Each structure stands twice: as C-alpha cells, then as structure tokens.
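Peer 1: Predicted model, plus sequence, below.
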Amino acid sequence: MRLRLGIDVACKAAHQVSCTDETGNFLFAGRRFRSTIDDLDKLWASLPDAEEVLVVLEPTRNAWVLLAAWLRSRGARVVLVPPEQSADLRDYYHKHTKNDRLDSRVLARLPLLHPEGLRTLGDGELGPADPLRRATRRRRSLVKRRTATYARIDALLELLGPQWADALGSGEYAKTALTVLEHTGGDPHAIKRLGRKRLSALLIRTSRGAWRETHAEVVWHAAELTLKLWEAGGLDFTELAQDLAGEARLALQLNTEIDALDDRISVLYDDADPTAILTTVPGLGVTSAAVILAGLGDPDRFSTLAGIRAFTGLIPKLDESGTSSRHGPPTKAGDPALREALFNAADRARKIDPTLAARYQRLIQAGKHHNSALCTLAAVLVTRLAACWRTRTPYQLQDVDGQPLAEAEGRAICVTRYQVTDADRAKNRSQRTAHHQKQTGRRKKESQSAPAAGPSTNHTNHHEAA
C-alpha cells in the first residue's frame, strides 16, 4: 500500500491531515494534530503499514519546515505545492467553500490528479532552515530599509537648502556624512557652535583623512547659506535636527548590521561553495553569489537546465492556441530576490563577457528594452552557472569565437566592439512609442479633468435665456 497524506498547515491553530491510498480512497479525513512530539508520534503510529508515505504540504509561513523535517526523518517523502495549485483544485471541487478539512482532502488527492507537478524535497531543501537563505534574505530586507532611510534624509535636508547635497552627498551617504548629521542634525547653529577647527577634526577623524579642512569649509558654507535662506524664520532648526540625527543613527546602525551580515554570509558561502565556482563569473561577488545559491538551493536537484530557467521566473509566458503562439513578459515565478540578483549580475557581466555583450547589443538593436534584454541575459547566465556547478568547473570567459580571455581583455572587447550607442536606444524609444500609440490610439490633447477654456454651452444659454 502507498499512502498519501495531505496536511493543511496552520501557524497557531491545529493542523488538519487527510489520508488516502494510491487509488484516492480516503482512509481518514480532517484529523487534527499539532507540531508536538506526542501528536506527531500518535499520527505516525495510526498510519497503516505501507511501502511509501507521500506527504503533500503547502509552504505556510515557516510552520511547514518542522513538519517536513520530522516526517522526512521517519522515511516519508515530502512534497511542497504552491498555494495557487491547490486553490485551483479546491475551486474545481467547491468554488465557494474554503475550510481546513477541504484543503487537506484536496492535498491528499493531488498526487493522483497532478502527479507530474509534484517534486520531492531534497536533502537540505528546508527553506528558512537554511542559514545562508535566512542571512541573504535578512540582508536584502536591511538594505531596503537603509535605502528608505537615505530617502528620508534626502527629504529632510531639502528643507535646509540645496547646498547640502554638495556638502554631504545624497542617495547613499558615507559614514562621515552620517556622523556629522548624528552630532549636529544639520542645525546651522550647532555647526557654528562647533567651530571650524572642531568640525575639521571631526571630519578628519571619521573619514580617516579623506575629508579635511576643505570639506569642512563646504559644510560651514552650507550652514551659512541655510541661515540666510531662513533668516525670516519659519523653520525650527532644533526639531529638524532631532529628526535628522535620529535618521542618521538608524542608518549607521543598519550599516553596522549589514557589514556584520556580509562577514557571516562570506563564511556560509565558503561552506556551501568551497571551490567558489559562482564567484568565477565576471562581476559576481561573494554576496551576490550567495543570494543566487541560496535562491536556487542545490542546482543538482534540477533534472534539466530548462527547469532551472523556469524556476527563476525569467522565461517568457507562452500564450498558445491553435495556430497562434505569442510570448509575453517573464512569468516571475519563484523567488524575487533570486531574479533581482541575476538581473544585476547580468548587467555587470555584459560589460566584461563579450558573448553576453554581443547578445545584449543584438537585442537592443532589434528593438528590445534594456530591462527585457537583461532578463534574457540573466536566463542565459543562470544556465551557464548551473552547468558550471554540475561539472564543478569555473566559468570560462571567452570571445564570441570561443577563444579564452582574461577579464581585462574582455572589458576592452566589450567597449570597442559591442558598445550600445545613445542613437540605438533613442531609435528603440521612438519605435516603442509608435507601437504603443498604434495599439492604444492617439491620446487626447486635453485631459477629461482639465478645466474648460470658457463657460459651458448650457451655462451660457441659461444666462442668455435669463
């Protein structure tokens, strides 16, 4: 007998499990249990003797990880299915009904109804239980928070005047600029009280000599201009300084956390890829390689290279019916962090690898948008990465004729032979605009919400009649 267990995983409530044999007949349904030793042992002991136990789960937050690990330790095969897949089947059974009992029954019958869509979890594929995956995801979250913090600092400094962008920078702030904001909050009175000498000493100490008296004079001049701009009053410098100092402290703390994570990710990546195969790709550093490896899991688990491309979500959608066939935008299935890392890696690699640079140039000249061309390169790049991983060989930089190259030679060839000109991009923009207008029709020159140029006809006639 082969058993099929469908488990509707809950985060805080009890899970529900249904069991069928290989023909789809239910042995029991809707049995409740929790992720405790007693309940799990009781559930396993209640199962009849079987040659195989296949467990089907949905990846509900992190609650599925413990269940999957425990059941695999008892010899069960564990399969994860996307929630959309089971939801479509549930709607087929009961379109307007959703409950945990029904969900567990649907999952238990899924191996019978859609066997080709099931993939057994391999060793080490426990998602959030993987420390490299957790670390890379946390780093991505912290980077996003830091970017948002920098944007808030930009907005607050705009209140003091445009000269602060030259004095402290904008977008991404150096440690020295954040330290100045942490100490003074950009308050021109506080900078004046600090004095030129102590301001210079602060910049020299924090920047290790990169910013000296000349830059201190720029900051001092920015403070003087702010006082002149706001000499009529209207801005509370003390309160604004509190906000800026708080944002600067937050940015400095985020930088510290990200630096610590980078060190941790480097160690974890060395353990996952001892020969550093992924970092042999031109332009791919340890952090980016770690994100790609964490997103892919074990590349050896894929039966084909096409399966790896499909897993990334970078392949185009296919709309096919009868004699018509059309490719659309990328499917965007899978991990968005993986796609982002591959997209950025492809953008860097095309400036070093002549084969990628030639393909990028050909796509742009054929009318593709920059992002569309990079998605194509990213799919090519992940295929090459997986091939290198399978053969345990480093990435070989080559010319279009197959001749091995050094990185410096590759850069020179990309610049001289495969440079995309501004004229190429301008031509593409005009072609896309013409195509868009042909599809949507010419836009009206006057918005529907724009005020009328004169009195309405009805309004004029009303006064004439009066």
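Peer 2: That came through fine.

Peer 1: would Thr393 count as being in a helix?
Peer 2: No - the assignment for Thr393 (DSSP: H, G, I helix; E, B strand; the rest coil) gives coil, which keeps it out of a helix.

Peer 1: Okay, the residue nearest to the spatial centre of the chain and Leu385: tell me how far apart.
Peer 2: Computing the C-alpha centroid of the chain and ranking residues by Cα atoms, centre = their mean puts Ala337 first, at 2.9 Å. For Ala337, the distance to Leu385 equals 16 Å [Cβ to Cβ, to the nearest Å]. C-beta: built from backbone N, CA, C; applies to glycine.

Peer 1: which one is the residue nearest to the centre of the chain nearest to, not counting chain neighbours?
Peer 2: Arg140 (5.4 Å; Cβ to Cβ, 6 or more residues apart in numbering).

Peer 1: Domain boundaries for this structure, per the record?
Peer 2: 2-129, 135-264, 278-422 (automatic domain parsing).

Peer 1: returning to that earlier point: what does the residue nearest to Ala337 show for phi and psi?
Peer 2: For Arg140, the backbone dihedrals (degrees, to the nearest 10) come out as phi -60, psi -40.

Peer 1: how close does it get to Asn344?
Peer 2: 12 Å.

Peer 1: List the buried residues of the strand or helix carrying Arg31.
Peer 2: Under the criterion of DSSP states H and E, Arg31 resides in strand 26-33. Of the residues in strand 26-33, 27, 29-31, 33 count as buried by neighbour count, 16 or more other Cβ atoms under 10 Å.

Peer 1: Give me the below-cutoff pLDDT ranges for the stretch 51-200 of the chain.
Peer 2: Along the stretch 51-200 of the chain, segments meeting pLDDT under 70 span 83-102, 113-119, 122-127.

Peer 1: which ones are touching the residue nearest to Gly313 when sequence neighbours are not counted?
Peer 2: Nearest residue to Gly313, sequence neighbours excluded (Cβ to Cβ, 6+ apart): Ala333, at 4.0 Å. Contacts for Ala333 were tallied using Cβ atoms under 8 Å, 6 or more residues apart in numbering; they are 310-311, 313.

Peer 1: if I look at Leu168, how far off is Leu112?
Peer 2: From Leu168 over to Leu112 the distance is 64 Å, taken as Cβ to Cβ.

Peer 1: Which one of those two is surrounded by more residues?
Peer 2: Leu168 (23 against 13; other Cβ atoms under 10 Å).

Peer 1: Now do the phi/psi pair for Gly283.
Peer 2: When quoted as degrees, to the nearest 10, the phi and psi of Gly283 stand at phi 80, psi 0.

Peer 1: Could you check which helix or strand contains the closest residue to it other than its chain neighbours?
Peer 2: Once flanking residues are discounted, Gly283 sits nearest to Arg348: 3.1 Å by Cβ to Cβ, 6+ apart. Using DSSP H and E, Arg348 maps to helix 336-349.
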